[in-house]
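Chemist: Next comes the sequence, and after it the predicted model I'd like to discuss.
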Amino acid sequence: MVSIWRRACVGCTKSKRQCTKTVPACRRCATRGIPCIYLPARQGNNRQIDAGTDLDVAAAMSSAPAGGSANLLPMISHGNADGIGSGDIDCYPLQLTQSDLVADMVSRAACGPQPSTGDNSSVVSTGLWFLAPESWVTDRGTCPDMTVVTYEPALQRFIGSVQDWLRRWVTDGGSPLHHHHLYREKMPRCVQDAHSAVALYHMTTCSNAETRARTARVIEDRVTQLLADQALDDTLRTGEGMDIFDHICRVQSLLTYQTIRLLDGDIRMRTQAEALIPTLFLWTQQLLDSTKNSLTQPARFLADIAASCPAAASSDDVVLWSAWILVESTRRTWLIATYLQETYLYMKRGWGECPGRVPNTMHSRLWEATSAYAWSKACREADTVLISTQRADKLLYEMKFEDVDEFSLLIMEIRYGTEEIERWIEDSKRRHKQPILEIL
């Protein structure tokens, strides 16, 4: 059967933006009130292959398995297969009607687990930008050259910020690492122990030596219990069969203890924490792998979230918001757990490995949204959602600094240094005094 293949509209193509390809106008053009023009459609078979994007589409078609569907995801990444030089992922979510999304989730759930065909087009058709495989490309580009004098202040600020986030998790109910909604419905025992350990540790920081020693023993017992719970169950030990939430819980719990003990002056606590550095690295990688694996079937992933929370099933915005919270928590937990331990190793031995970076949601309105409606509205209105470090020039020259959330500013500061970020903030204040018109 002959199928029609439509390219992105002229405006989105020139601006290098993700196009919904809807008619009579795509979402971006309709939002901006500008003409939406499509080039003449070409037949799906016997079409001429152009240079650039069409070559990538042709390559995807030729590599598809026999009997399966080719992965015709829009070419979000503009770099090579390893993600070096990958472009920004800047597209609008919620491009499918809510009724269509619900029908898709219900039908997939009713049919049981679906075999993976390698076709992730549903991710793009629903506009679920945070589930797209391209959004998980690890950026391992070379960091800008910085001397120790310029680099260490950024690392010290990073360490202080992570410690402060643990305190805010206890006092404010959330932080740039701990989403305020993540544990609202359910807080497993391991997370409760970590949460109470933070409160106890900071409450006794200024106490006498005997009290601090008692606190250290309590934390040691909590860590021992966490590890014992994992060792008793083969499923927990290998990480297989655990869902994303389970992975996040155990990683954030161990990360809490590692943050306290690695950065404490007590030699015994620090030595015990050093022995668990490989364990946290392993759990963190299992978290990332589990999330990627779950997202190979996005409809099943969303259906499971709807089934696990009956209240969420009544609102599609709640389902999408809950899904984003899990996925974004994976990104942030991986970044902090990996960076914290690498920072410690760097300060201890004078060198450290570059772990790379997965993109995270940078716009402050999304993380700070207090309801599913506010999150959905922010997704539609925020001009930049995900952006890779390799395209940080877009962040540094197009976004207002107040639109970038605290977490992302800290990650960027580690990469570019405190002085460069301060310069960008000052330049941004001057540049955005007058509105900048987008040139199409």
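Modeler: Alright, I've got the coordinates. Residues are numbered from 1 along each chain as shown.

Chemist: can you list the weak-confidence ranges in this structure?
Modeler: 1-6, 40-127, 134, 139-150, 233-240, 309-314, 383-399, 431-440 (pLDDT under 70).

Chemist: and Glu422, what element?
Modeler: Glu422 is located in helix 418-431, with elements delineated by DSSP states H and E.

Chemist: Would you mark the buried spots in that helix?
Modeler: 418, 420-421, 424, 428 (16 or more other C-beta atoms under 10 Å). In short, each C-beta sits where N, CA and C put it, glycine included.

Chemist: same question, stretch 341-361
Modeler: Buried residues in stretch 341-361, counted by 16+ other C-beta under 10 Å: 341-345, 352, 355, 357-361.

Chemist: Against Ile414, how distant is Arg349?
Modeler: 18 Å (C-beta to C-beta, to the nearest Å).

Chemist: can you give me the strands for this structure?
Modeler: With strands called from DSSP state E, the chain shows them at 4-5, 42-43.

Chemist: With adjacent residues omitted, what lies nearest to His363?
Modeler: Nearest residue to His363, sequence neighbours excluded (C-beta to C-beta, 6 or more residues apart in numbering): Ala382, at 4.3 Å.

Chemist: quick one on the thing from earlier: kindly format the C-alpha coordinates of the helix holding Glu422 as CSV.
Modeler: Extracted C-alpha coordinates of helix 418-431, given in CSV (Å, rounded to 0.1, in the frame of the first residue of the first chain):
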residue,chain,number,x,y,z
THR,A,418,31.5,29.6,38.0
GLU,A,419,33.0,32.6,36.3
GLU,A,420,31.5,31.7,32.9
ILE,A,421,28.0,31.1,34.3
GLU,A,422,28.2,34.4,36.2
ARG,A,423,29.2,36.2,32.9
TRP,A,424,26.2,34.5,31.1
ILE,A,425,23.8,35.6,33.8
GLU,A,426,24.9,39.3,33.5
ASP,A,427,24.8,39.1,29.7
SER,A,428,21.4,37.5,29.9
LYS,A,429,20.1,40.4,32.0
ARG,A,430,21.3,42.9,29.5
ARG,A,431,20.2,40.9,26.4
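
Chemist: if we can go back for a sec, which residues are in contact with the residue nearest to His363?
Modeler: 363, 365-366, 403 (C-beta atoms under 8 Å, 6 or more residues apart in numbering).

Chemist: which of the residues you listed are buried?
Modeler: Judged by 16+ other C-beta under 10 Å, buried ones among these: 363, 365-366, 403.

Chemist: quick one on the thing from earlier: out of the contacts of Ala382, list just those in helices.
Modeler: In this view, the contacts of Ala382 that belong to helices under DSSP state H are 365-366.
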